[in-house]
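Undergrad: curious how this folds, go ahead:
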Amino acid sequence: MAGPQAVTPSKRLSGEQILLLLCLLALTALAWVMLLRMARDMSAPGGMADAAMAGMIMPWSLADALLMFAMWVVMMLGMMLPSALPMLLIYQQMLRKRMRAPQRHLALLLFCCAYGLVWSGFALGATALQWTLEQLALLSPAMRSSSTALGAGLLLVAGVYQWLPAKATCLEHCRGPLHFLLSYWRPDVLGGWRMGLAHGAHCLGCCWALMGVLFVVGVMNLFWVAVIGAFILLEKNLPQGLWLSRASGVLLLGWGLWLLLG
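TA: Prediction:
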């Protein structure tokens, strides 16, 4: 299938791009406000962390499971939307040159929904993993690993993955929005859905191991959530992103070995 004609991204944002940027920034801010409120509610008397601190290890209720799943979804939005902004802005610019207003708005919406669906799937898996670790008494009330072996293992896996070709390939797709769009372009409205799934898959392939570090530092430790989110943003946008990724891999390996041997 023939791809779109070459497009040189404009350095000046259009009115539609500014509106999109403001909406995405507002959504990111809302996600962080919700995370702050969730963290406060969970640490309040009678909350999940309070019950865990009292030694009450029990299966989650449906409400508990839905709350934790919602927490992971909101966390993924807060962490990943900033790094997805360049891709969405360039995609919107390309759509503006090739589709009429109703169709291009729908294509962009489908792209965003598909991207969110991929990370919602990850959030579901992370929720299941968290429940399993809690039932095995491997998570502390602060929702971080209480097992040295588990913590070290997660860090070592993340450190090794930062050096693997799969990581480099996924990072390259995330770092080159225009190259990705030209390679995966689908011309119709539903093409936005398929392209959103493809970008989400590459984004997940780039960042899943780093998300595992949250189980070491604390799932609801918002300082570390912000640090990892900021690192992902820099990794995808700085010219030295690949070497930054590999340098972090060395640090994670050192941290894991220090936990394991220390």
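Undergrad: for the rest of this, base every contact and every neighbour count on C-alpha atoms.
TA: OK.
Undergrad: for Lys97, grab the count of nearby residues.
TA: 10 (other CA atoms under 10 Å).
Undergrad: could you say which helix or strand holds it?
TA: helix 62-98 (DSSP states H and E).
Undergrad: how about that helix: buried residues?
TA: Judged by neighbour count using 16 or more other CA atoms under 10 Å, the buried positions of helix 62-98 are 65, 68-96.
Undergrad: who are the packing partners of that helix?
TA: For helix 62-98, the elements it packs on are helix 15-43, helix 101-135, helix 177-184, helix 222-237, judged by 3 or more CA pairs under 8 Å, 6 or more residues apart in numbering; DSSP states H and E.
Undergrad: which helices and strands does the first one pack with?
TA: Meaning helix 15-43. helix 48-53, helix 62-98.
Undergrad: so how far is that helix from its chain's centroid?
TA: Going by CA atoms, centre = their mean, to the nearest Å, the spacing between the C-alpha centre of helix 15-43 and its chain's C-alpha centre is 14 Å.
Undergrad: quick check: mean pLDDT of it?
TA: Mean per-residue pLDDT for helix 15-43: 90.
Undergrad: got the angle for it vs helix 222-237?
TA: 150 degrees (axes from the mean of the first three to the mean of the last three CA atoms, to 10 degrees).
Undergrad: and the shortest one, by the same measure?
TA: Direction vectors for helix 177-184 and helix 222-237, defined by the same axes, to 10 degrees, enclose an angle of 70 degrees.
Undergrad: what angle separates helix 177-184 from helix 62-98?
TA: Using the same axes, to 10 degrees: helix 177-184 against helix 62-98 is 90 degrees.
Undergrad: and what of the longest one?
TA: Taking the same axes, to 10 degrees, one finds helix 101-135 and helix 62-98 inclined to each other by 150 degrees.
Undergrad: and the helix or strand that comes right after helix 101-135, what does it pack onto?
TA: Next along the chain after helix 101-135, taking DSSP H and E as the criterion, comes helix 148-161. Where contact means 3+ CA pairs under 8 Å, 6+ apart, helix 148-161 is packed against helix 189-212, helix 214-217, helix 241-261.
Undergrad: mind putting those into a markdown table with distance to Pro102, mean neighbour count and mean pLDDT?
TA: Shown next, in a markdown table, are the helices and strands packed on helix 148-161 (distance: least, CA to CA, whole Å; neighbours: other CA atoms under 10 Å; pLDDT from 0 to 100):
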| stretch | distance to Pro102 | mean neighbour count | mean pLDDT |
| --- | --- | --- | --- |
| helix 189-212 | 10 | 21 | 95 |
| helix 214-217 | 40 | 22 | 95 |
| helix 241-261 | 36 | 18 | 95 |
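Undergrad: of all those helices, which lies closest to Glu134?
TA: helix 214-217 (11.1 Å; CA to CA).
Undergrad: ok now the closest one, how far from the chain's centre?
TA: Its chain's C-alpha centre and that of helix 214-217 lie 15 Å apart, by CA atoms, centre = their mean.
Undergrad: mind listing residues that contact it?
TA: 139, 143-145, 151, 154-155, 221, 224-225 (CA atoms under 8 Å, 6 or more residues apart in numbering).
Undergrad: tell me the spacing between Pro86 and Leu20.
TA: Distance of Pro86 to Leu20, computed by CA to CA, to the nearest Å: 11 Å.
Undergrad: what of Gln162?
TA: 32 Å.
Undergrad: among the helices and strands packed on helix 15-43, show the one with the smallest mean pLDDT.
TA: When the helices and strands packed on helix 15-43 are ranked by mean pLDDT, helix 48-53 comes last with a mean of 52.
Undergrad: Tyr184 and Arg194, how far apart?
TA: Counting by CA to CA, the gap from Tyr184 to Arg194 is 9 Å.
Undergrad: no, scratch that, I was asking about Gln92
TA: Going from Gln92 to Arg194 by CA to CA gives 15 Å.
Undergrad: ok, Met143 next?
TA: Taking CA to CA as the measure, Met143 falls 35 Å from Arg194.
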